[in-house]
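A.B. asks: Task: produce atomic coordinates for the following.
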Amino acid sequence: QVQLVESGGGLVQAGGSLRLSCAASGRFFRINSMGWYRQPPGKERELVALVSNGDTANYADSVKGRFTISRDNSKNTVYLQMNSLKPEDAAVYYCYADVFQTVFTHSRAWGQGTQVTVSS
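C.D. replies: Numbers count the residues shown, from 1 in each chain. Alright, predicted model coming up:
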C-alpha cells in the first residue's frame with residue numbers, strides 16, 4: 001500500500017508563487033511516473049504535470065512556462081513549483097503516482113488533495 005502526502009497549498013495573490021510537495025511512503029517496488037492533477041470548483045479533474053522516472057516532464061498547455069515539476073527519487077518526492085499564479089489556477093491539487101507494488105503488481109495512487117486559492 002502506497003500513501004501520498006501533499007503539502008504546500010494555500011492562499012496567494014495573483015502573480016505570486018507556491019510550491020507543492022508530495023512524498024510517497026509505504027511498501028512498493030518502484031514508482032514510475034509521478035505528478036499533479038487539479039480539480040477546479042465545478043469542473044473535472046485535469047492533468048497539470050507529470051514527470052517520469054527518467055525525469056522527462058510533460059505539462060498542460062495552460063501551465064507551460066509558469067509551473068515546473070521535479071522529483072527526488074531518493075526521497076520518493078515530487079514537487080510542483082508554481083509561479084505567476086492566476087485566479088484560474090485555483091483548485092484542489094492532487095498528487096499522483098504510478099506504482100509497482102511488486103514486479104508484477106501495478107496500480108495508481110492518489111493523495112488527499114491540497115487547496116490552492118489565488119486572489120485577484
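A.B. asks: pLDDT score assigned to residue 101?
C.D. replies: Per-residue pLDDT puts residue 101 at 89.
A.B. asks: How about residue 71?
C.D. replies: At residue 71, the pLDDT value in this model is 97.
A.B. asks: Could you find the closest non-adjacent residue to the residue nearest to the spatial centre of the chain?
C.D. replies: Geometric centre of the chain, nearest residue: residue 36, 2.5 Å, by C-alpha atoms, centre = their mean. Spatial nearest neighbour of residue 36, chain neighbours left out: residue 48 (4.3 Å); criterion: C-beta to C-beta, 6 or more residues apart in numbering. For the C-beta atoms, the positions are set from N, CA and C on the backbone; glycine is no exception.
A.B. asks: Can you check my assumption that residue 88 lies in a helix?
C.D. replies: Yes: Residue 88 sits within a helix when classified using DSSP: H, G, I helix; E, B strand; the rest coil.
A.B. asks: Tell me who's in contact with it.
C.D. replies: Taking C-beta atoms under 8 Å, 6 or more residues apart in numbering, we find residue 88 in contact with 40, 62, 118.
A.B. asks: from the middle of its chain, how far away would stretch 39-58 be?
C.D. replies: With C-alpha atoms, centre = their mean, to the nearest Å as the basis, stretch 39-58 stands 6 Å off its chain's centre.
A.B. asks: should've said stretch 61-68
C.D. replies: In this view, stretch 61-68 has its centroid 13 Å away from the chain centroid, taken as C-alpha atoms, centre = their mean.
A.B. asks: which other residues reach that stretch?
C.D. replies: By C-beta under 8 Å, 6+ apart, stretch 61-68 touches 48, 49, 57, 59, 80, 81, 82, 83, 84, 85, 88, 89.
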